[in-house]
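J.: quick one: sequence and predicted model below, then my questions.
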Amino acid sequence: LPSLSPPRPPRPLHPHSTFPNNLHIAILNMVPLFLSLLSVTFAIDVSIFTDDYFFPVVSDAETIKHFDETQHTHIEDQFQSLTKFDIDVMEGESFSPPTVEIVGVEKAQDALFPEDDVLAVELDGDSLFVDLYREEDEEYAFELAVLYKCFKDGKRDIRVTIPYSQVDQLDDFFFEGKVTITWTKVCVANQPRVGLSIVTESNDPVVIDGGVTEGWDPKSPSALIGLHEDTSRFFIGVSDGSQTYSKPTVEVSEPFLKVDLRGDASNANIIEFDEYNDYDDGGQFQMLEAIFTCLTPGIADVTITYEVAPFLPISFAFKKNCGGSAPAGFDVLTSGMLSAEADVISDGVALEAWNPETRTAVVPISEASSTFWVRLSSSTDPVSSSISSSGSGTPLVSTSLISTVS
């Protein structure tokens, strides 16, 4: 029970009252106790944000058993980089900035940034600056964020302590106490971050479940950013939990290309899954925009890497065309069949028989003209061009549209 100030002397009975004096005195002596118990009944409340709603973990200064210091059963799994609480106080109540500790760690711990060999914990939120934000006689909910940085596989119990007090000047009442919240954090390291994906602006997958998709692998990228595209946007999201990530790094294979990054995902940040604005509908993505500046013609490889500790890093790559060469997918054929194999120029590169440096292709003397077919791999309607020569050997070169192959 809260400590009470000395009871005030009983008021004298009315001269005509027949109320027993000793019972009157007993009732008056119980009034401060009743008021103190009433005040405690409306003490501090704390809720945890989980499954997209706030669930009470401390009600009237009493911690539920799932977060109790000795009976706690709540677990934050490896896919949670963040746990959020709301601290609610009423008029006449106040609390001091919360502290956090890793249970069982013997060495001295920082009250805001405890750390051991398994993980480091950090507190954030306006509850750390309660004296700056709260106005007198104002009801307000303060946020407390607990961030995790895991180093290796393991689990640790985390305990948050929140000192609080109640003051009632009218009834000369003062009470101090504290609430504790305890839970378990699980860490899993050096594995792909399941649930984390990156897509393009057209929703093409770049990374799925922490693994790069075909065409975007840094070892052999084939995804191409076209000549006339000055920017390219990517979107990062998670389908479960929350995930912190580092400021991305960018590597460019050639000095003639400059790449700048901007957007929410261009700096260290945290992404959270929102069940009501879900991942499949494109909700809660953070955008990374790559801005290209070509200084000279050429094609360069661009690799972007995110650290998503404690999981494996995520890297994806693509090619940026700065001009000066035939576009990828540009084919020249001697056959007009759509399914025919490119036998003159394939993917913008002349084959050996038709290469000006090593040419071995021979046009029979009996042929007065040759027809070549031009095809773009991104097009379903290749066009043909004709290059003709006279039978006398004097070249008569012309280029014209002959037909469309379907």
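T.: That came in fine, so what should we check first?
J.: how many other residues sit next to the closest residue to residue 80 other than its chain neighbours?
T.: Nearest non-adjacent residue to residue 80, counting by Cβ to Cβ, 6 or more residues apart in numbering: residue 241, 4.7 Å away. Using the backbone N, CA and C atoms, a C-beta is placed for each residue, glycine as well. Residue 241 has 19 neighbours, counted by other Cβ atoms under 10 Å.
J.: over to the one 3 residues further on?
T.: Counted with other Cβ under 10 Å, residues neighbouring residue 244 total 16.
J.: with residue 219 instead?
T.: Neighbours of residue 219 under the rule other Cβ under 10 Å: 7.
J.: how close does the residue most central in space within the chain get to residue 246?
T.: When Cα atoms, centre = their mean is applied to the chain, the residue found nearest the centroid is residue 271 (2.1 Å). Plainly put, residue 271 is 12 Å away from residue 246 if you go by Cβ to Cβ, to the nearest Å.
J.: what's the residue nearest to the centre of the chain in contact with, if anything?
T.: 196, 236-238, 242-243, 245, 284-286 (Cβ atoms under 8 Å, 6 or more residues apart in numbering).
J.: assign residue 129 to helix, strand or coil.
T.: Here residue 129 is recorded as helix under DSSP: H, G, I helix; E, B strand; the rest coil.
J.: also residue 308?
T.: coil.
J.: I'd guessed it sits against residue 195; true?
T.: No. The pair residue 308 / residue 195 is not scored as a contact, 10.9 Å apart, by Cβ atoms under 8 Å.
J.: between these two, who's got more neighbours?
T.: Ranked by neighbour count (other Cβ under 10 Å), residue 308 and residue 195 place residue 308 first, with 20 against 17.
J.: send the alpha carbons of stretch 331-351 over as CSV?
T.: What follows is stretch 331-351, C-alpha atoms only, in CSV (Å, rounded to 0.1, in the frame of the first residue of the first chain):
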residue,chain,number,x,y,z
ASP,A,331,19.3,-9.3,-84.3
VAL,A,332,20.0,-9.6,-88.0
LEU,A,333,19.0,-12.8,-89.8
THR,A,334,19.1,-14.3,-93.3
SER,A,335,15.8,-15.9,-92.7
GLY,A,336,12.4,-14.3,-92.2
MET,A,337,11.1,-16.9,-89.8
LEU,A,338,10.3,-15.4,-86.4
SER,A,339,11.7,-18.4,-84.6
ALA,A,340,14.9,-18.6,-86.7
GLU,A,341,18.3,-18.2,-85.0
ALA,A,342,20.2,-15.0,-85.6
ASP,A,343,23.0,-15.8,-88.0
VAL,A,344,24.4,-12.4,-88.9
ILE,A,345,24.1,-10.2,-85.8
SER,A,346,23.0,-11.6,-82.5
ASP,A,347,22.1,-9.4,-79.5
GLY,A,348,23.8,-6.4,-81.1
VAL,A,349,27.1,-8.3,-81.9
ALA,A,350,28.1,-9.4,-85.4
LEU,A,351,28.9,-13.1,-85.7
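J.: in this structure, which spans are helices?
T.: Here the chain has its helices, by DSSP state H, at 21-41, 130-133.
J.: confidence-wise, which of those is weakest overall?
T.: Note on these: helix 21-41 shows the lowest mean pLDDT, a mean of 45.
J.: wait, residue 121 touches residue 105, no?
T.: No. Residue 121 is beyond contact range of residue 105, at 10.4 Å (criterion: Cβ under 8 Å).
J.: neighbour-wise, which of these two wins?
T.: Set residue 121 next to residue 105 and count neighbours by other Cβ under 10 Å: residue 121 wins out with 23 against 15.
J.: who does the more buried one bridge with?
T.: residue 148 (DSSP bridges).
J.: distance check, it against residue 156.
T.: Distance from residue 121 to residue 156, by Cβ to Cβ: 8 Å.
J.: anything in contact with each of those two?
T.: In contact with both residue 121 and residue 156: 102, 185, using Cβ under 8 Å, 6+ apart.
J.: list residues touching both of residue 308 and residue 195?
T.: Here residue 308 and residue 195 have residue 210 as joint contacts, going by Cβ under 8 Å, 6+ apart.
J.: what's around residue 274, how many residues?
T.: If you count neighbours by other Cβ under 10 Å, residue 274 ends up with 13.
J.: once you drop chain neighbours, what's closest to it?
T.: Nearest in space to residue 274, with sequence neighbours left out and distances taken as Cβ to Cβ, 6+ apart, is residue 284 at 4.5 Å.
J.: thought that neighbour was touching residue 235?
T.: No. Using Cβ under 8 Å, residue 284 is not in contact with residue 235, being 9.9 Å away.
J.: do I have it right that residue 244 meets residue 270?
T.: Yes. Counting by Cβ under 8 Å, residue 244 touches residue 270, with 4.7 Å between them.
J.: could you name every residue contacting both of the two?
T.: By Cβ under 8 Å, 6+ apart, the residues touching both residue 244 and residue 270 are 81-82, 147.
J.: and those residues, which is closest to residue 74?
T.: Distance ranking of these against residue 74, using Cβ to Cβ, places residue 82 first at 14.7 Å.
J.: ok, that closest one touching residue 269?
T.: No. Using Cβ under 8 Å, residue 82 makes no contact with residue 269, being 11.3 Å away.
J.: the two - which one has more neighbours?
T.: residue 82 (19 against 15).
J.: below-threshold pLDDT in the stretch 201-350 of the chain: ranges please.
T.: 275-283, 325-328 (pLDDT under 70).
J.: next one: residue 62 relative to residue 369, how far apart?
T.: Separation of residue 62 from residue 369 (Cβ to Cβ): 94 Å.
J.: then residue 158?
T.: Distance of residue 158 to residue 369, given as Cβ to Cβ: 81 Å.
J.: these two: which is more packed in?
T.: More neighbours surround residue 158 than the other of residue 158 and residue 369, with 22 against 13 (other Cβ under 10 Å).
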